[in-house]
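> Have a look at this prediction, sequence included:
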Amino acid sequence: MPNLNELKNRAGGVRSTRQVTHAMYLISASKSKRAKLQLDAVQPFFDRVERTIAEILAARGAPAADSPFTERRDSVKRSLCFAVGGDKGMAGGYNHNLIRFMEERIDKAGTDVLMAGFMGRSRAERAGFSLDPEFRFPVMNPNLIRARDIADILIERYLTGKYREAFIICTRMDSAIKQEPMLIPLLPLTPEQFADVSETQVKKYDSIQYEPGPAEVFDSLTPHYVKGIVYAALVEAYTSEQHARMLAMDSATKSADDIISDLSLRYNRARQAMITQEITEIVSGIPTE
């Protein structure tokens, strides 16, 4: 017969764990919503920057052809990757899926990786990626200041001419229950990167005058564009991590509910069996006349 105290203590321990997982679920939901609101607040500015760059790239005469941000470096073989992992664990397969995607898309020997997110960084190091030891940025609570600092580092390194390309790998939310890693081309800028900017959004270049000139405006706006892409990647990854943790904690809470229900049933059965045994012993001990 199961020990009643043992069943009771186990149920109490599971209830305590359930309180923690449910609290983490609520916290992750709140953080995810707040991050999305921050991105929505600044998105119009970055959308306008993107449209202006698309206008200049689509112009006749290629005014941005001589920009270092559009220069093709076919003879250079090395790449620069900015990857955004998770800061913490208990998020299901979030970091595992990102590292597996990186292994499929990145040439480890020919790519320098700048990794944000402490848990993701730890996983990437174990996977054998070449990480910059001085690049240590959190993903938690993304903000524009951090995005600017990261964008400045990416641009500074790309402009050295050491890299053929720079790109971002992060996780996006396809739906509330599905997150998928993705690769975002960053530099050099090409018209293909702005294919999703509709023709109605891109004004006729001939009717626009840029001061001091389109090439200067292009070079001035590109760092803002990079900062916007980096910020969006940070927010998207942070939101995806929180949703992955929400799902993991929700699953853990449901599992705890099932365990508590099973332990309660076993406890009640054991208690009923004990009561029945005691009644039987009492009845059997009464002398008959």
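That came through fine.
> all contacts plus neighbour counts: C-alpha atoms, from now on.
Noted.
> Mind giving me the packing neighbours of whichever strand or helix holds residue 167?
Secondary structure assignment for residue 167, by DSSP states H and E: strand 165-175. Strand 165-175 is packed against strand 79-84, helix 94-105, helix 144-158, strand 178-187, helix 214-284, with contacts defined by 3 or more C-alpha pairs under 8 Å, 6 or more residues apart in numbering; DSSP states H and E.
> mind checking how far the longest one is from the chain centre?
Taking C-alpha atoms, centre = their mean, to the nearest Å, the mean C-alpha location of helix 214-284 is offset from the chain mean by 17 Å.
> Show me which positions of the strand holding residue 167 end up buried.
165, 166, 167, 168, 169, 170, 171, 172, 173 (16 or more other C-alpha atoms under 10 Å).
> now do stretch 153-169
154, 155, 158, 163, 164, 165, 166, 167, 168, 169.
> As a markdown table, those residues with distance to residue 225 and pLDDT would be great.
Putting these into a markdown table (distance: C-alpha to C-alpha, whole Å; pLDDT from 0 to 100) gives the following:
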| residue | distance to residue 225 | pLDDT |
| --- | --- | --- |
| 154 | 12 | 94 |
| 155 | 11 | 93 |
| 158 | 15 | 93 |
| 163 | 19 | 93 |
| 164 | 19 | 92 |
| 165 | 16 | 92 |
| 166 | 14 | 92 |
| 167 | 13 | 93 |
| 168 | 13 | 92 |
| 169 | 17 | 92 |
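> ok, those residues vs residue 232, which is closest?
residue 168 (10.9 Å; C-alpha to C-alpha).
> My read is that that closest one contacts residue 181, right?
No. Counting by C-alpha atoms under 8 Å, residue 168 does not reach residue 181; the two are 10.4 Å apart.
> Which of the helices and strands packed on strand 165-175 sits closest to residue 37?
So among those, helix 214-284 is nearest, using C-alpha to C-alpha, at 9.9 Å.
> Against which helices or strands is the closest one packed?
Going by 3+ C-alpha pairs under 8 Å, 6+ apart, helix 214-284 lies up against helix 4-57, strand 79-84, helix 144-158, strand 165-175, strand 178-187.
> Mind checking the pLDDT average for that helix?
Confidence for helix 214-284, expressed as mean pLDDT, is 80.
> that older thread, most tightly packed of the helices and strands packed on strand 165-175?
strand 79-84 (a mean of 24; mean count of other C-alpha atoms under 10 Å).
> Distance check, residue 242 against residue 85.
12 Å (C-alpha to C-alpha, to the nearest Å).
> Please apply the same query to residue 48.
Taken as C-alpha to C-alpha, the span from residue 48 to residue 85 is 28 Å.
> And the two? Which one has more around it.
residue 85 (31 against 13; other C-alpha atoms under 10 Å).
> you'd agree the more buried one is up against residue 119?
Yes. Judged on C-alpha under 8 Å, residue 85 makes contact with residue 119 at a distance of 6.9 Å.
> which residues are in contact with both of these two?
residue 95 (C-alpha atoms under 8 Å, 6 or more residues apart in numbering).
> give the contact list for the closest residue to residue 72 other than its chain neighbours.
For residue 72, ignoring the flanking residues on the chain, the nearest one in space by C-alpha to C-alpha, 6 or more residues apart in numbering is residue 188 at 6.9 Å. For residue 188, the contacting residues are 68, 69, 70, 71, 72, 165, 166, by C-alpha under 8 Å, 6+ apart.
> What's the ChimeraX syntax to select whichever of those residues are buried?
Typed into ChimeraX, the line below selects the buried ones among those, using 16+ other C-alpha under 10 Å:
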select :68,69,70,71,165,166
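> taking the mean pLDDT, what do you get for stretch 72-89?
Mean predicted confidence for stretch 72-89 is 87.
> same deal with stretch 8-22?
76.
> List the buried residues for it?
Buried-residue list, stretch 8-22, by 16+ other C-alpha under 10 Å: 10, 11, 14, 15, 18, 21, 22.
> Of those residues, just say which sits nearest to residue 134.
residue 21 (34.0 Å).
> how would you label residue 114: helix, strand or coil?
Classification of residue 114 using DSSP: H, G, I helix; E, B strand; the rest coil returns strand.
> Now it: closest residue in space, sequence neighbours ignored.
residue 82 (4.8 Å).
> cool, and residue 136?
residue 116 (6.2 Å).
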